[in-house]
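> Starting from these lines, generate the structure:
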Amino acid sequence: MKFFIVDNGSLYLKHIVNRVSANHDYIVQTYSPFEPLDAQDADFIILSGGMQNEVADDLDNGDPWYRHEFDLIQRTDKPILGICLGLQMIAVALGGSLSRLPSIVDTNKHVVLTSEGEAYFGQQELYVHERHQWVVDSADIVGMNILAHSNDGIEILHYPERNIIGTQFHPEIDASPNSPKLFWDILQVIEQPAEVARA
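Next up, the predicted model:
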């Protein structure tokens with residue numbers, strides 16, 4: 001499998017690369033609003049986190065900073081994992097909305113799985129690393145399912161018909177000994193319909 005990693009200025013880029021590079025090929029493209037994203041040769045897309053620019057920047061003037069990333073999300077037929085900022089872009093690109101927290105969250109914590117999330121992951125909670133200030137506040141997106149939440153808001157969104165999943169937390173960071181497995185479990189959710197998980 002070949003991964004196309006979009007680097008949105010993530011502090012944790014090397015951790016994403018370390019996760020995938022042991023057994024897979026990868027390409028990293030640093031995001032620029034002046035250069036389209038080319039994922040044609042990849043099998044799987046990862047949209048990194050990052051805090052250099054906010055997803056909400058320039059949305060109202062019709063020329064957002066992340067326009068190429070929105071376009072990729074809307075048009076590609078390749079599976080996508082969006083991490084933190086990547087999740088926020090997925091939500092906005094597909095019709096959702098965001099809200100800003102009073103301060104940056106930077107901690108390890110438990111997130112609670114919904115009943116559908118439990119069907120995929122086989123447990124009620126996940127222990128994960130968080131670093132963000134924006135959260136997805138609208139789940140009224142056609143086809144999107146909430147798999148986990150916390151006191152901050154939505155933690156995992158899944159769009160099974162489009163092979164898209166996004167996490168507000170950072171599965172590339174080792175918050176617990178189970179974190180490496182969790183990263184790959186999240187990717188496998190895309191390949192496993194909920195009906196199968198519940199069987």
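> List the buried residues of the longest helix seen in the chain.
Longest helix in the chain, counting residues (DSSP state H): helix 179-191. By neighbour count with 16 or more other C-beta atoms under 10 Å, helix 179-191 contains the buried residues 179, 182, 183, 185, 186, 187, 189, 190. Yep, even glycine has a C-beta here, placed from its N, CA and C like the rest.
> Please verify my assumption that the second one contacts residue 126.
Right, the one you point to is residue 182. Yes - with contact defined as C-beta atoms under 8 Å, residue 182 reaches residue 126; the gap is 6.4 Å.
> returning to that earlier point: now, among the buried residues of helix 179-191, which is nearest to residue 80?
Residue 80 has its nearest neighbour among these in residue 190, at 8.4 Å by C-beta to C-beta.
> quick one, what contacts the closest one?
Residue 190 sits next to 79, 81, 158, 160, 163, 164, 165 when contact means C-beta atoms under 8 Å, 6 or more residues apart in numbering.
> Lowest-confidence entry in those residues?
Among the contacts of residue 190, residue 160 carries the weakest pLDDT, at 91.
> Name the residue closest to the centre of this structure, please.
Closest residue to the average C-alpha location of the chain: residue 82 at 2.1 Å, with C-alpha atoms, centre = their mean.
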